[in-house]
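Trainee: The sequence isn't on hand, but the structure is:
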């Protein structure tokens, strides 16, 4: 059982380097299968994953290929990020496509601050123009399940000057 609370599920004080957090570092105690994604603290930021009205809880999945180890946000799941200083931008690096599916979230994704864009190669999602100490990204969908998962391998925060 992994408890989530003030630090990270893996118990590390700061799983990221600078402003980047890699999910396989944040959930380093999970070396097979999956665990519920909870709260991660790194650097000046705290991220909390929530189920909301979806059918499935967000989960971290371990994989033999490190590039596929990711937090999966399903339909209706959200990620709240808070920081001690203003967040300008967040870039989310997504897991590689599998059998033709890109895991960069639903087209209905919403943010409480800034704007969402997906890279042309569909391997990253950027939330730009946040200019706030907190925001929530939701993988909204027309149903409580299905759609496209947002599989987060890592994310980098840029803080406002």
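Mentor: Cool, the structure landed. On a predicted model such as this, the values are computed, not experimentally measured, just so you know. Residues are numbered from 1 along each chain as shown.
Trainee: Can you show me the strands along this structure?
Mentor: Along the chain, counting by DSSP state E, strands occupy 20-22, 34-36, 39-42, 45-50, 59-61, 70-73, 78-94, 110-111, 115-118, 124-138, 150-159.
Trainee: List the buried residues in the second one.
Mentor: In other words, strand 34-36. residue 35 (16 or more other Cβ atoms under 10 Å). Bear in mind the C-beta positions are built from the backbone N, C-alpha and C, glycine included.
Trainee: ok now do residue 152, which residues does it touch?
Mentor: Residues near residue 152 by Cβ atoms under 8 Å, 6 or more residues apart in numbering: 23, 70, 71, 72, 73, 79, 92, 93, 94, 95.
Trainee: What distance do you get for the closest residue in space to it that isn't next to it in sequence to residue 87?
Mentor: Distances taken as Cβ to Cβ, 6 or more residues apart in numbering put residue 71 closest to residue 152, at 4.5 Å, once the chain neighbours are dropped. Residue 71 is 18 Å from residue 87, where distance means Cβ to Cβ, to the nearest Å.
Trainee: before we move on, what about residue 38?
Mentor: As judged by Cβ to Cβ, residue 38 and residue 87 stand 20 Å apart.
Trainee: what about those two, which has more around it?
Mentor: Per other Cβ atoms under 10 Å, whichever of residue 38 and residue 87 has more neighbours is residue 87, with 24 against 21.
Trainee: who's that one bridged to?
Mentor: Beta bridges link residue 87 to residue 132, residue 159, judged by DSSP bridges.
Trainee: Surely it is in contact with residue 133?
Mentor: Yes: under the criterion of Cβ atoms under 8 Å, residue 87 makes contact with residue 133 at 6.8 Å.
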